[in-house]
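Enquirer: I would like the atomic coordinates for the input below:
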Amino acid sequence: MKLILKEDIQNLGYKDDIVAVKDGYGRNFLIPQKKAILATLSAKKMLAEDLKQRAHKIAKIKADAEELAAKVNGLALTIGTKASSNGKIFGSVTNIQVAEALEKAGFTVDRRVIFIKDAIKEVGSYKAQLKLHKEVSAEVTLEIVAE
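Expert: Numbers count the residues shown, from 1 in each chain. Below you'll find the predicted structure:
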């Protein structure tokens, strides 16, 4: 089943992408939740017209994302957290704390675009990826220290 996505869906695609999914996933989840519509001929024509009209806005959004990625890429952030004497963190460091640290550094980044590969449960150095646009991403180094 071919669908046109109406919003970004992790591990599937981005808004306005045409994707092929299994029939049950499309019929029972994506379409009823208004996350996608059927990719009929008329829907594809409307999508092409919308993309043509929004091409300038999309180019500006991508340029802004590239500019932010150039500034943020390779940035080293220090995040203080409560930890035991042997370096274990009480809880874990999440993308919310990373977003707050980026905001303190002067960069406004939505927490939903920050991806940490493994759970941060110990003091040390880690990497976080920022997917700012479907074609633009940046990497930030996180230094986790005990308070």
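Enquirer: so what touches the host helix or strand of Met46?
Expert: Met46 is part of helix 41-53 when elements are defined by DSSP states H and E. If you take C-beta atoms under 8 Å, 6 or more residues apart in numbering as the criterion, helix 41-53 is touched by Ile4, Asp16, Ile18, Ile37, Ile58. From N, CA and C alone the C-beta is placed, and that goes for glycine too.
Enquirer: name the residue closest to the centre of the chain, please.
Expert: Val113 (2.5 Å; C-alpha atoms, centre = their mean).
Enquirer: list phi and psi for the nearest residue to that residue once chain neighbours are set aside.
Expert: Counting by C-beta to C-beta, 6 or more residues apart in numbering, Val113 lies nearest to Lys131, which is 5.1 Å off, once chain neighbours are set aside. Dihedral angles phi and psi of Lys131 (degrees, to the nearest 10) take the values phi -100, psi 90.
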